[in-house]
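Q: Sequence unavailable; structure follows:
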């Protein structure tokens, strides 16, 4: 038979084991929280580094293409090769700026369109202008590379794109991509 002393000792051992187990759980939770914070900080550092690299890439591309009259050059078929990289970088900046997960279906589809080597030129131009409408960093980079009169033209074009062209494109379901691109080109020329 168990004596009362043995029962008391057993109960105390059980209590100590429970305390130890709770302490281990607390330690584990603290460790997970610290690890989560470290991951979050590393993610933020990576995002900032990516933003800087992407901005540098676009700036270099725009500078190497002699970016004055950027849009006039963009409409030329011989510069179609630059559109995919502009679109992909813009998508990355937009996802960071507006905290949009790159894994959502829409972002994956847009990146697939931009990455497709067989994507039609009008599709790439349409995607570029829709992204340009949102991407404030791209606007800043383009504006900084232009002369003062062309900066005014780009600003006017940006307003037309935001207030008229893009909303009409989304409202008119029958509008073809080439019509959207034509309206963008016409708006830029007339701005």
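A: All right, it came through fine. In this text, all values refer to a predicted model and were calculated from it rather than measured experimentally.
Q: Let's verify residue 118: helix, strand, or coil?
A: coil (DSSP: H, G, I helix; E, B strand; the rest coil).
Q: what about it, how many neighbours?
A: Neighbour count for residue 118, taken as other C-beta atoms under 10 Å: 4. Quick note: C-beta positions are derived from backbone N, CA and C, even for glycine.
Q: again, but for residue 136
A: Counted by other C-beta under 10 Å, the residues lying close to residue 136 total 11.
Q: Tell me how far it lies from residue 161.
A: 13 Å (C-beta to C-beta, to the nearest Å).
Q: same check, this time on residue 69
A: 17 Å.
Q: Looking at the two, which one has more neighbours?
A: More crowded of residue 69 and residue 161, by other C-beta under 10 Å: residue 161, with 21 against 15.
Q: how about the nearest residue to the more buried one once chain neighbours are set aside, secondary structure?
A: Among residues not flanking residue 161 along the chain, residue 133 sits closest, at 5.2 Å (C-beta to C-beta, 6 or more residues apart in numbering). Following three-state DSSP, we place residue 133 in the helix state.
Q: so residue 83 touches residue 126, yeah?
A: No. Between residue 83 and residue 126 there is no contact, the gap being 10.2 Å when judged by C-beta atoms under 8 Å.
Q: Rounded mean pLDDT for stretch 75-83, please.
A: Mean per-residue pLDDT for stretch 75-83: 91.
Q: Other residues contacting it?
A: For stretch 75-83, contacts defined as C-beta atoms under 8 Å, 6 or more residues apart in numbering pick out 61, 65, 73, 74, 114, 121, 124, 125, 127, 128, 185, 188.
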